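Colleague: here are the coordinates; sequence isn't available:
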């Protein structure tokens, strides 16, 4: 009898322990706790800590509260000029409304990723289809990513999820036409460079022509001014000479100096001997006549 009581007591204690344990709900900081009653969600626990539920009647589902990464599969997209490109990207997302998430996606992360994949792909296709291939290649990933996020807009609100970031890992050309596109782009850049070079040479020639014309005018003005100065100098020289010859006190001196200059000019070569007759005007000057 005592043994039976002990067994019953132990069974009761075990039942109480199991019941107590099943009534406790522990919610971590990085998760939501969804309490279900008879299959329907009764309430959501968003704050971390310990709470209670009705044992054996209520059950608990867990959903992640942290930021999640989803790597999309590389996919083909068509540009506005009907060129094919391969887009490889990923998103960062999170659950913002666990109740909507549970009601629309059945608390399934794979279901959510499937919806995200379709929505992001459609938005990527819509944005790139309005852009030419050259603009996509030469553009910035940040601008493209922001345009895709803007295109997604609030379409994910119905699922209780939010995309925090969209990043393009690689936006490339198919291998079969990559070389042809690059060669065409190089040719276009070469044509643009040739145009700039030709315009630069034309502008340089205009500048040289203008400069040469200005230099010619300046040289002409300088020559004219020099001739004027020379003429003025000669006139001044003749004036001074005329004044000197008009002064009787200086006439003999200037006649002497000019005779010496004439004598000096007549001496050439290595022979420096000059023979003058007594009646020579120069000899007369040396004689003091």
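Modeller: Thanks, I have the structure now. Owing to the predicted nature of the structure, the values given are computational and were not obtained by experimental measurement. Numbers count the residues shown, from 1 in each chain.
Colleague: burial count for residue 218?
Modeller: By other Cβ atoms under 10 Å, the residues close to residue 218 number 10. Heads up, the C-betas are built off the backbone N, CA and C, glycines and all.
Colleague: meant to ask about residue 162
Modeller: Around residue 162 there are 16 residues (other Cβ under 10 Å).
Colleague: How about residue 42?
Modeller: If you count neighbours by other Cβ under 10 Å, residue 42 ends up with 14.
Colleague: Equivalent analysis for residue 94, please.
Modeller: As a measure of burial, residue 94 has 14 neighbours, counting by other Cβ under 10 Å.
Colleague: dump the residue contacts of it.
Modeller: 65-68, 161-162, 164 (Cβ atoms under 8 Å, 6 or more residues apart in numbering).
Colleague: Tell me the spacing between residue 143 and residue 240.
Modeller: Separation of residue 143 from residue 240 (Cβ to Cβ, to the nearest Å): 85 Å.
Colleague: repeat for residue 189
Modeller: Applying Cβ to Cβ to residue 189 and residue 240 gives a distance of 74 Å.
Colleague: What of residue 262?
Modeller: In terms of Cβ to Cβ, residue 262 sits 20 Å off from residue 240.
Colleague: tell me which residues in stretch 40-49 are buried?
Modeller: For stretch 40-49, burial by neighbour count (16 or more other Cβ atoms under 10 Å) applies to 44-45.
Colleague: Other residues contacting it?
Modeller: Outside stretch 40-49, the residues within contact range by Cβ under 8 Å, 6+ apart are 25-29, 32-36, 51, 58, 65, 98-99, 102-103.
Colleague: switch to 7 Å and redo it
Modeller: The set of residues external to stretch 40-49 that reach it, using Cβ atoms under 7 Å, 6 or more residues apart in numbering, is 25, 27-29, 32-36, 51, 58, 98-99, 102.
Colleague: In helices, which of those appear?
Modeller: Counting by DSSP state H, the part of the contacts of stretch 40-49 found in helices is 98-99, 102.
Colleague: Now for the residues you listed, which sits with the most neighbours around it?
Modeller: residue 98 (24 neighbours).
Colleague: got the contact list for that residue?
Modeller: When contacts are counted by Cβ under 7 Å, 6+ apart, residue 98 touches 32, 34, 44, 63, 160.
Colleague: roughly how far apart are residue 94 and residue 168?
Modeller: Distance from residue 94 to residue 168, counting by Cβ to Cβ: 20 Å.
Colleague: Sorry, slip of the keys, the one I care about is residue 99.
Modeller: For residue 99, the distance to residue 168 - Cβ to Cβ - is 33 Å.
Colleague: my guess is residue 82 is in a strand, correct?
Modeller: No - for residue 82, which was evaluated using DSSP: H, G, I helix; E, B strand; the rest coil, the result is coil, with no strand membership.
Colleague: Pull the contacting residues for it.
Modeller: Contacts of residue 82 (Cβ under 7 Å, 6+ apart): none.
Colleague: change it to 10 Å
Modeller: 129, 132-133 (Cβ atoms under 10 Å, 6 or more residues apart in numbering).
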